[in-house]
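[1] Take a look and give me a structure for this.
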Amino acid sequence: MLGFIALGGLAGTLARYALQGWLQPRAGAFPVGTLAVNVLGSLALGFIARLGTGSAVLNPEVRAGLTIGFCGGFTTMSTFSYETVALLNDGQLWRAGLYAGGSVLGCLTAVYAGAALANRLL
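    This is a model prediction of the structure:
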């Protein structure tokens, strides 16, 4: 199982690096890259967790590789926290609130949507 988690983590980390690196230069000072990976990762986690526990489509090793490994490597709360504090320290209260609120609400909504999508397949 550890091999699946490690490979998933490697893939998630590289996917995050690529997506964030592609998005962030287009967004300016707003941390849209981190917001996007956290929302997309939450959508994927909701979908994979629901599909994986509601059917025999994914064996436990693959499910762990995708959820713990890939989604864990793809999303990041530490960067989210740092970027929110950086916006606050720069006096950008509106952007910090928008980013924090968008991240929390976006990720919660994405997990719900991912699970609902998986439910339609079950």
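[2] Report the separation between the closest residue to residue 5 other than its chain neighbours and residue 47.
    Of all residues not flanking residue 5 in the chain, residue 69 sits nearest, at 4.1 Å (C-beta to C-beta, 6 or more residues apart in numbering). Where C-beta positions appear, they are placed from N, C-alpha and C, glycine not excepted. Residue 69 is 15 Å from residue 47, where distance means C-beta to C-beta, to the nearest Å.
[3] quick one: secondary structure of residue 56?
    coil (DSSP: H, G, I helix; E, B strand; the rest coil).
[4] Number of residues surrounding it?
    6 (other C-beta atoms under 10 Å).
[5] Give me the local confidence score for it.
    Looking at residue 56, its pLDDT is 86.
[6] Between residue 69 and residue 47, point out the one with more neighbours.
    The neighbour comparison of residue 69 against residue 47 (other C-beta under 10 Å) goes to residue 69, with 25 against 22.
[7] Give the lowest-confidence helix or strand of the chain, using mean pLDDT as the measure.
    Taking mean pLDDT, DSSP states H and E as the measure, the chain has helix 77-89 as its least confident helix or strand, at a mean of 89.
[8] still on that earlier bit, so the residue nearest to residue 5 touches residue 11, yeah?
    Yes: counting by C-beta atoms under 8 Å, residue 69 sits close enough to residue 11 to count as a contact (7.4 Å).
[9] residue contacts, residue 103?
    34-35, 38-39, 80, 84 (C-beta atoms under 8 Å, 6 or more residues apart in numbering).
[10] Can you get me a residue count around residue 4?
    19.
[11] List the buried residues in the helix or strand following the least confident helix or strand of the chain.
    The first helix or strand that comes after helix 77-89 along the chain, using DSSP states H and E, is helix 93-121. Residues of helix 93-121 classed as buried: 95-96, 99-100, 103, 106-107, 110-111, 114-115, 118 (neighbour count, 16 or more other C-beta atoms under 10 Å).
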